[in-house]
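> Sequence and computational prediction follow.
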Amino acid sequence: MQNKSASPASDVPISDGLWSDASRMRMALLVILALAATIRLYKVGEQDYWMDEIHTLTNAAGRRAEYEDVPHGVILPTPARFTDVPVDCNWLCVWRGMEADSHPPVFFVFFHFWRQAFGDAEFVARVPAVIFSVLSIYVVTLIPRARGGSGEGLWIGLALTFAYSHVFMAQQARPYTLALVFVAMSYWALTKMEVGWPSFSRRQIMLWASLYGAMCYLAVLTHYFAGFALLGHIVVIGFGRDRALTRSWAVAAVLALFAFVLTWGQKLVAQWDFIESHIWLLEEGSDHAWRTLLRLTDLPVRLLFDHREFQLSYVLSLIGVVLVAGPVVVLWRRRARHALVFAAWYLVPVLTFAVIDLATQRQTLTHLRYTSVAAPGLAGMLMLAVLELRRPLRWGCLAALAGAVFLTLRLPTQDNPHNRLAASAIAQRVTPDTLLVFDAIDWPPFWVAQIYHNVAYYLPAFVKGPLPECVLLRDEPDAELVEQMAKYPRIVVASPRVGVVPNPVPGRFVPDHRTEHVHQIGKIYLFVREPDGG
């Protein structure tokens with residue numbers, strides 16, 4: 001496919017008329033980046049850490065193995081905070097400690113130094129994700145510029161500024177936005193190589209190929225699913241005709257893969273059992289294939305717009321099909337070769353996720369933290385297609401997209417504080433002789449640990465004096481444990497169980513108080529000994 005050399009006046013891209021002056025384009029870019037930062041920083045520090053962010057703090061402390069090994073059904077001397085960094089912990093202990101997690105180490109090594117310098121308050125811990133998110137928008141705008149379409153890059157950057165998944169990932173202390181920076185850098189480097197290859201000197205070839213390989217290596221070493229986005233490079237190169245470029249690209253890609261295997265392959269093998277244990281992703285039922293198709297088709301809506309008030313439906317799937325099929329048809333008919341990078345960036349990883357979803361019955365398409373790596377591809381493909389339309393239709397599509405964003409965007413994207421509420425409710429009811437019970441019997445195995453670690457992080461801020469002894473229950477306690485618990489005069493229980501009163505010592509203790517439901521925690525109960533001693 002080749003770019004068209006000329007087009008009617010009515011078909012001139014908006015960028016050529018509105019953002020034609022270089023100084024105005026620079027100013028527009030600064031405004032877009034400032035707007036993106038403002039949206040992402042809005043109330044970003046007001047929300048509690050959720051489970052995966054507690055994992056970030058734990059990984060950055062090199063203590064993930066301790067976190068995973070907390071015993072169940074045993075009375076512990078005190079709730080422990082494995083998020084605290086040991087005095088003797090350096091970046092190597094973070095690197096080695098990742099064997100007990102399901103992620104590669106780059107972000108957590110960086111975050112180790114970040115929290116050592118600035119602390120681990122919610123706002124401070126989430127600032128890096130905001131910075132990386134804004135930086136990724138800037139890098140994405142460079143990709144069309146490499147082909148002379150600077151104004152097009154600004155429109156894509158504007159779309160990403162408001163894209164729900166992009167904002168959502170930027171408000172979490174997690175590795176996703178850093179991985180997105182490296183993925184965007186790899187696509188930019190690949191585009192620069194493709195455009196400038198005929199005129200590159202040997203030194204320039206080495207520099208750009210090295211940059212490309214380094215970005216691919218760092219992307220996968222930041223998040224494994226970034227590798228699926230990198231598969232789009234195969235399509236981009238496959239449509240090219242320069243054999244020398246193809247050879248150089250292949251050498252750079254193979255060297256990046258070799259470096260990954262050499263530096264991290266053994267750790268990945270050690271992580272595999274933990275990765276395989278993620279049964280919470282499994283979806284049982286004969287309709288899994290059909291639901292996968294619905295998730296595949298409504299994914300564009302979920303990536304671009306705040307969909308939390310909507311359920312999986314045929315309507316959203318139909319809109320999603322239009323958001324993908326429409327741009328593909330337009331760009332193919334206009335022979336818009338410059339859009340191939342973004343089309344490959346979206347279609348290849350998303351279709352790969354769908355295949356994994358079908359083959360393993362794991363809902364990889366459900367979770368935006370996995371699929372958001374393809375969001376820039378969707379935004380680029382969509383905006384480039386809109387800019388190819390005739391002017392009245394073009395402005396109509398832009399107005400429709402702006403209206404959809406305005407009607408759906410809700411900030412902040414995270415849930416309201418809940419761990420603090422639970423810790424405060426517990427602190428009001430515990431005394432030095434109280435037993436604290438974290439009870440998630442009949443719930444998924446990880447749930448009781450989630451409650452324990454999330455509350456343990458905030459509990460010291462509310463409890464005056466020593467923390468109480470505690471126990472984690474994910475199965476019914478045996479008779480010996482019941483007798484041990486019965487020795488305490490008061491028992492405080494945090495439990496998500498619905499429809500039952502989780503009395504750990506029935507017959508000898510009676511409920512004295514119960515809070516309202518706390519999001520992601522459950523209710524906090526106080527049980528006291530029967531007046532007659534039981």
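On my side now, so go ahead. The shown structure was predicted, so the numbers you read here are calculated from the model rather than taken from an experiment.
> In this protein, spot the helix with the most residues.
Looking across the chain with DSSP state H, the single longest helix is helix 243-276.
> Let me know the average pLDDT across it.
In this model, helix 243-276 carries a mean pLDDT of 93.
> how distant is it from the center of its chain?
Here helix 243-276 is found 22 Å from its chain centre; the criterion is CA atoms, centre = their mean, to the nearest Å.
> Stretch 111-120 now?
With CA atoms, centre = their mean as the basis, the mean position of stretch 111-120 lies at 20 Å from the chain mean.
> swap in stretch 366-383?
12 Å.
> rewinding a little: what is the subsequent helix or strand relative to the longest helix of the chain?
Toward the C-terminus, helix 243-276 is succeeded by helix 288-304 as the next helix or strand (DSSP states H and E).
> ok so, going back, quick one: list the elements packing against the longest helix of the chain.
The contact analysis (3 or more CB pairs under 8 Å, 6 or more residues apart in numbering; DSSP states H and E) places helix 243-276 against helix 176-196, helix 202-220, helix 232-238. C-beta: built from backbone N, CA, C; applies to glycine.
> Spell out which helix or strand contains the residue nearest to Ala80 when sequence neighbours are not counted, please.
When the adjacent residues along the chain are set aside, Ala80 lies closest to Ala456, with 6.5 Å between them (CB to CB, 6 or more residues apart in numbering). Ala456 is part of helix 445-458, with elements assigned from DSSP H and E.
> quick one, the helix or strand following that helix and helix 445-458 angle?
The C-terminal neighbour of helix 445-458 among helices and strands, as given by DSSP H and E, is strand 469-473. For the pair strand 469-473 and helix 445-458, the angle between their directions (axes from the mean of the first three to the mean of the last three CA atoms, to 10 degrees) equals 160 degrees.
> And the contacts of strand 469-473?
With CB atoms under 8 Å, 6 or more residues apart in numbering as the test, strand 469-473 has contacts from 70-79, 435-441, 448-449, 452, 481, 485, 488, 504.
> chain center to it, what's the gap?
The mean C-alpha position of strand 469-473 is separated from the chain mean by 31 Å, CA atoms, centre = their mean.
> So which residues of the stretch 1-150 of the chain form helices?
Listed in chain order, the helices of the stretch 1-150 of the chain (DSSP state H, counting those that start in this stretch) span 14-18, 22-41, 51-60, 64-68, 91-97, 106-118, 122-145, 150-162.
> Can you tell me the centre-most residue of this structure?
When CA atoms, centre = their mean is applied to the chain, the residue found nearest the centroid is Arg369 (3.0 Å).
> Phe225 versus that one, what's the distance?
Using CB to CB, to the nearest Å, one gets 9 Å for the distance from Arg369 to Phe225.
> what angle sits between the longest helix of the chain and helix 106-118?
Here helix 243-276 runs at an angle of 70 degrees relative to helix 106-118 (the same axes, to 10 degrees).
> Give me the buried positions along helix 243-276.
Using 16 or more other CB atoms under 10 Å as the test for burial, helix 243-276 gives 245, 248-249, 252-253, 255-257, 259-260, 264, 268, 271.
> Tell me the one among the residues you listed nearest to Ala100.
Ala100 has its nearest neighbour among the buried residues of helix 243-276 in Gln271, at 8.0 Å by CB to CB.
> Surely the closest one touches Asp101?
Yes - the pair Gln271 and Asp101 qualifies as a contact (CB atoms under 8 Å) at a distance of 6.8 Å.
> what domains does the record give for the chain?
With automatic domain parsing serving as the domain definition, the record reports that the chain contains domains spanning 9-45+121-408, 419-529.
> worst average pLDDT in the ones you listed?
Ranked on mean pLDDT, the bottom entry among the domains of the chain is domain 9-45+121-408, at a mean of 90.
> now what about stretch 80-96, what contacts it?
Taking contacts as CB under 8 Å, 6+ apart, the residues outside stretch 80-96 that touch it are 54, 57-64, 66-67, 70, 105, 108-109, 112-113, 115-116, 120, 453, 456-457, 460.
> Can you pull the phi and psi angles for the residue nearest to Phe305 when sequence neighbours are not counted?
Nearest non-adjacent residue to Phe305, counting by CB to CB, 6+ apart: Thr408, 4.3 Å away. When quoted as degrees, to the nearest 10, the phi and psi of Thr408 stand at phi -110, psi -30.
> What about Val493, how many residues nearby?
When neighbours are defined as other CB atoms under 10 Å, Val493 has 27 of them.
> For the one helix or strand it maps to, name the packing helices and strands.
In this structure, Val493 is located in strand 490-495 according to DSSP H and E. The helices and strands touching strand 490-495, judged by 3+ CB pairs under 8 Å, 6+ apart, are helix 419-427, strand 434-439, strand 523-529.
> got these as a markdown table, with mean neighbour count and distance to Gly148 columns?
Supplementary listing: those in a markdown table, determined by neighbours: other CB atoms under 10 Å; distance: least, CB to CB, whole Å:
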| stretch | mean neighbour count | distance to Gly148 |
| --- | --- | --- |
| helix 419-427 | 23 | 50 |
| strand 434-439 | 26 | 59 |
| strand 523-529 | 21 | 61 |
